[in-house]
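Visitor: What follows is a predicted protein model with its sequence.
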Amino acid sequence: MDEIVAAALRKWPNVPHCHGWLALDARGDWYMRDDRTQAAGPFPQVKGSRIDHEGLRNFIGRNYACDADGAWFFQNGPQRVYVELELTPWVWRLQQMPDCDWPTVHSHTGRPAQVQSSLLDEAGRLLLLTDLGPGLVHSLDMDVAVGAVERAAMKLPGETGRATRATWATQATAAEAPRPGEASAETLSVRAWSPQPVQSAALPARCAYVLKPVPKPKPASGT
């Protein structure tokens, strides 16, 4: 969080939260959704105005966080602006480095992430669970992701054939859960890039995040 934001929050700690005005789509783009946009339909069917200003995008990214309930927000000075998600709170960009089996992973906000495990949904989308939280691999980087998954499949115990997208989920079950102190870094990477099947509708509950944050009910006043 920017220091100027933290200072404003300390100075004005009780500013009401904002809901419905900011959203994140599956390509890592931020959208402003004013009252007219919200009335026109739900996100992402009606997206609103994409935020293209680089400085504003960076400001949102530096002050993007999650509350104790799994709802993600942008801390805009003293005001918390909750974010509606199309699918996940992070969108991952991948880069394959020379002489390395495993790609580097950065969030749509530019933060580096360490892959811990992966999931493949019914639409063929690859989700990476990381030290920052869960996120979707950007569609432009799926070729890099496919390469990592195929390399992981060929390294699984007992694997003799070549991995294909159709067999990712089956091959993933061959990897046992890592035990602390026993698995090498290479073994952990193989397991991390061996996706297990998941239904996209189950992602928020499974990964403990909120797609559409809503205001909490006000406590009943005492009599």
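Guide: Noted; the coordinates are in hand.

Visitor: Please report phi then psi for Asp67.
Guide: The phi and psi values for Asp67, taken as degrees, to the nearest 10, are phi -90, psi -180.

Visitor: Going forward, count from 17.
Guide: Done: numbering now begins at 17, and the last item shifts to Asp83.

Visitor: Local confidence estimate at it?
Guide: Per-residue confidence (pLDDT) for Asp83: 96.

Visitor: Ok, the one 4 residues further on next?
Guide: At Ala87, the predicted lDDT confidence score is 98.

Visitor: same deal with Pro194?
Guide: For Pro194, pLDDT reads 46.

Visitor: tell me which strands and helices the longest helix along the chain is in contact with?
Guide: Using DSSP state H, we find that the single longest helix of the chain is helix 158-171. Helix 158-171 is packed against strand 106-111, strand 142-146, helix 184-188, helix 201-208, with contacts defined by 3 or more CB pairs under 8 Å, 6 or more residues apart in numbering; DSSP states H and E. In short, each C-beta sits where N, CA and C put it, glycine included.

Visitor: For Phe59, which three-state class applies?
Guide: Here Phe59 takes the coil state, with states given by DSSP: H, G, I helix; E, B strand; the rest coil.

Visitor: who's in contact with it?
Guide: Shown in contact with Phe59 (CB atoms under 8 Å, 6 or more residues apart in numbering): Ala39, Asp41, Tyr47, Arg49, Glu100, Glu102, Lys228.

Visitor: Go through the residues you listed and say which is closest to Val160.
Guide: Asp41 (20.5 Å; CB to CB).

Visitor: is it true that that closest one touches Gly64?
Guide: No. Using CB atoms under 8 Å, Asp41 makes no contact with Gly64, being 10.0 Å away.

Visitor: Got a PyMOL select line for the buried ones in the contacts of Phe59?
Guide: Buried residues among the contacts of Phe59 (16 or more other CB atoms under 10 Å), as a PyMOL selection:
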select buried, resi 39+41+47+49+100+102
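
Visitor: Nearest to His69, out of the contacts of Phe59: which one, please.
Guide: Nearest to His69 among the contacts of Phe59, with distances taken as CB to CB, is Tyr47, at 12.8 Å.

Visitor: Against Pro60, how distant is the closest one?
Guide: According to CB to CB, to the nearest Å, Tyr47 stands 8 Å off from Pro60.

Visitor: Need the overlap of contacts for those two.
Guide: Ala39, Asp41.

Visitor: what about the strands in this structure?
Guide: Ranges of strands within the chain are 34-40, 46-48, 65-66, 80-82, 88-92, 95-101, 106-111, 120-123, 128-129, 131-136, 142-146, 150-153, 212-213, based on DSSP state E.

Visitor: could I get those strands as a markdown table with distance to Ala168?
Guide: A markdown table is the format used below for the strands of the chain (distance: least, CB to CB, whole Å):
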| stretch | distance to Ala168 |
| --- | --- |
| strand 34-40 | 28 |
| strand 46-48 | 32 |
| strand 65-66 | 35 |
| strand 80-82 | 28 |
| strand 88-92 | 29 |
| strand 95-101 | 27 |
| strand 106-111 | 14 |
| strand 120-123 | 14 |
| strand 128-129 | 17 |
| strand 131-136 | 9 |
| strand 142-146 | 12 |
| strand 150-153 | 14 |
| strand 212-213 | 12 |
